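S.K.: how would this look folded up:
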Amino acid sequence: MRALMTLLLSLAVALPATAAVQPGTTTPLTNRARELVSMLRAGKFQQAAATFDQNMKRQLAPDKLAKVWKQLTDQTGDLKTIGAAHEIEAGAYRIVFVRCTFSVTKLDAKVVYDDQGRVAGLFFVAPQPVAAVVGEEPPAGVTEEEVTVGAPPWRLPGTLTMPQGKGPFPAVVLVAGSGPQDRDETIGPNKVFRDLAWGLAARQIAVLRYEKRSKRYPAEMRKIHRLTLDDEVIADARAAVALLGRHARIDHHHIFVLGHSLGGTAAPRIAAGDPVVAGLIILAGATTPLEENIVRQLRYIAGLDGTASAAEKERIAQAEAAVRAIRDPKLSPDDTVTVLGASTPGSYWLDLRSYDPAATAARLELPILILQGGRDYQVTTKDFKGWKKALSGKPDVTFKTYPKLNHLFMAGEGPSSPAEYEKPGHVAPQVISDIARWVGEHSAPTS
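M.R.: The predicted model follows:
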């Protein structure tokens with residue numbers, strides 16, 4: 001399910017982070033969105049695709065739309081009922097959430113409409129209560145201001161969360177995982193980075209979070225010739241560090257980078273080229289190759305119910321074929337590799353092939369905190385052991401595991417699964433406390 005949602009997310013249009021719920025339960029767009037879902041259920045993919053904008057038509061032609069719908073229903077069962085819908089505003093776009101009850105689960109169809117009423121994004125998410133869409137208020141004494149990270153053509157909207165007081169405060173830049181993540185690193189009803197920002201700011205640490213470039217500028221990202229990790233993650237993270245370095249209430253000597261998942265994998269490379277970075281905090285950062293982890297995750301998910309379906313076996317086989325293409329010595333920067341239904345340039349995989357995160361971290365003269373959830377099936381203890389093997393001999397490197405936490409650093413019981421991400425939760429308080437304590441210990445005043 002998670003892999004499929006990632007595919008659908010990759011086709012969605014970038015949206016501003018602020019969205020206000022509109023009153024009323026029925027509008028022309030809610031009716032149209034429900035009709036669109038009805039077309040999918042009836043197999044009218046040509047008719048459904050006719051409602052798409054040009055970008056969606058290129059990315060999700062009727063035959064591909066049919067395949068994606070089959071992949072979804074292979075996992076969720078048949079769509080039984082199409083329920084209520086509600087509409088929200090997001091800048092120039094409007095989003096309609098349509099409650100869909102499948103045989104084995106409930107999801108919301110999230111349909112994004114442009115200002116001409118064309119479908120500019122379509123994907124399925126965990127059911128979205130109004131409160132989850134609107135959000136909440138930060139803790140007492142914590143303030144937030146809108147900022148812009150980077151410069152044209154890659155200006156990214158961000159939020160700087162500030163503690164109460166004059167400062168200067170130590171600060172943390174949050175670097176998100178793979179995919180078109182928003183500034184809160186929203187996954188289902190959960191907001192990992194918002195939890196971290198508010199929790200750390202309440203403990204006198206400023207936090208900057210921002211939308212990923214692939215979220216804000218998906219079409220422009222697809223046009224980049226010879227895309228690399230620098231384009232996806234590194235350049236914007238360094239721009240975020242630079243922004244904090246110019247802020248009057250930030251302690252410029254104590255700016256840390258916290259990376260989660262792919263952001264954690266990239267963190268050593270961010271710091272290697274930026275002398276302003278005072279230390280690294282790596283949450284579930286992988287040390288094994290990305291393509292290897294994709295195949296392992298698909299096998300894990302397929303095995304959760306004890307039996308791999310034909311569709312699951314097909315996806316695993318496709319991923320294994322992608323791994324062979326990625327590792328082919330003849331792979332060229334100008335080649336393309338299809339992974340989970342999305343095409344990525346060979347340049348991206350060649351760049352990752354040349355980057356060893358643990359070895360890069362070992363060359364840094366910086367304090368590093370590495371945290372790992374014991375129930376994480378996406379980045380596992382094998383990756384954690386990779387960090388320990390490379391860094392255990394270095395001074396000022398701290399390792400900690402949390403047996404009951406998953407990839408989002410949220411608590412649970414038993415084997416973790418994609419369905420767990422659909423349950424509302426929060427980053428474990430102990431994780432926030434441990435990060436805050438470590439930052440405090442490494443933010444002594446400089447002479």
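S.K.: Ends of stretch 420-431, what's the gap?
M.R.: Stretch 420-431 has its terminal residues 19 Å apart, counting by C-alpha to C-alpha, to the nearest Å.
S.K.: how far out from the middle of the chain is that stretch?
M.R.: In terms of C-alpha atoms, centre = their mean, to the nearest Å, the centre of stretch 420-431 is found 15 Å from the chain centre.
S.K.: what about residue 157, neighbour count?
M.R.: 18 (other C-beta atoms under 10 Å). The way it works is simple: take the backbone N, C-alpha and C, and place the C-beta from them, glycine included.
S.K.: Where does it sit: helix, strand or coil?
M.R.: strand (DSSP: H, G, I helix; E, B strand; the rest coil).
S.K.: Spit out the contact partners of it.
M.R.: By C-beta atoms under 8 Å, 6 or more residues apart in numbering, residue 157 lies in contact with 16-17, 146-149, 183, 210-211, 216.
S.K.: wouldn't residue 288 be in contact with residue 387 here?
M.R.: No. Using C-beta atoms under 8 Å, residue 288 makes no contact with residue 387, being 11.0 Å away.
S.K.: most neighbours, which of the contacts of residue 157?
M.R.: Highest count within those by other C-beta under 10 Å belongs to residue 210, 30 neighbours.
S.K.: Quick one: residues contacting the residue nearest to that residue when sequence neighbours are not counted.
M.R.: Using C-beta to C-beta, 6 or more residues apart in numbering and skipping the chain neighbours, the partner closest in space to residue 210 is residue 158 (3.2 Å). Residues in contact with residue 158 (C-beta under 8 Å, 6+ apart) are 146-149, 183, 208-211, 240, 243.
S.K.: what's next to the longest helix along the chain, contact-wise?
M.R.: Counting by DSSP state H, the longest helix found in the chain is helix 310-326. For helix 310-326, contacts defined as C-beta under 8 Å, 6+ apart pick out 3, 70-71, 74-75, 291-292, 294-295, 298-299, 301-302, 308, 331, 335, 337-340, 349, 353.
S.K.: if we go to 6 Å?
M.R.: Helix 310-326 has contacts (C-beta atoms under 6 Å, 6 or more residues apart in numbering) with 74, 291, 294-295, 298, 302, 337, 339, 349.
S.K.: Could you identify which of these has the most neighbours?
M.R.: Result: residue 349 is most packed of the contacts of helix 310-326 (other C-beta under 10 Å), 27 neighbours.
S.K.: phi, psi of that one?
M.R.: phi -70, psi -30 (degrees, to the nearest 10).
S.K.: and it, how far is that from residue 384?
M.R.: 24 Å (C-beta to C-beta, to the nearest Å).
S.K.: Repeat that for residue 166.
M.R.: With C-beta to C-beta as the criterion, residue 166 and residue 384 are 39 Å apart.
S.K.: Compare those two and say which one has the larger neighbour count.
M.R.: Using other C-beta under 10 Å as the criterion, residue 166 and residue 384 rank with residue 384 on top: 24 against 8.
S.K.: Check whether that one really touches residue 371, as I assumed.
M.R.: No. Here residue 384 does not reach residue 371: they are 8.9 Å apart, not a contact under C-beta atoms under 6 Å.
S.K.: in the sheet, who's paired with the closest residue to residue 387 other than its chain neighbours?
M.R.: Take residue 387 and drop its neighbours on the chain: the residue closest to it by C-beta to C-beta, 6+ apart is residue 370, 5.0 Å away. Residue 370 has these beta-bridge partners by DSSP bridges: residue 282, residue 399.
S.K.: and residue 370, what is it in contact with?
M.R.: Going by C-beta under 6 Å, 6+ apart, residue 370 touches 282, 387, 399.
S.K.: Most neighbours of all those residues, which one?
M.R.: residue 282 (31 neighbours).
S.K.: got the residue ranges for the helices in the stretch 51-200 of the chain?
M.R.: 54-59, 62-76, 130-134, 192-201 (DSSP state H, counting those that start in this stretch).
S.K.: if I look at the spatially closest residue to residue 141 that is not a sequence neighbour, how far off is residue 255?
M.R.: Using C-beta to C-beta, 6+ apart and skipping the chain neighbours, the partner closest in space to residue 141 is residue 164 (3.6 Å). Separation of residue 164 from residue 255 (C-beta to C-beta): 20 Å.
S.K.: more crowded one of the two?
M.R.: The residue with more neighbours, out of residue 164 and residue 255, is residue 255; 26 against 13, by other C-beta under 10 Å.
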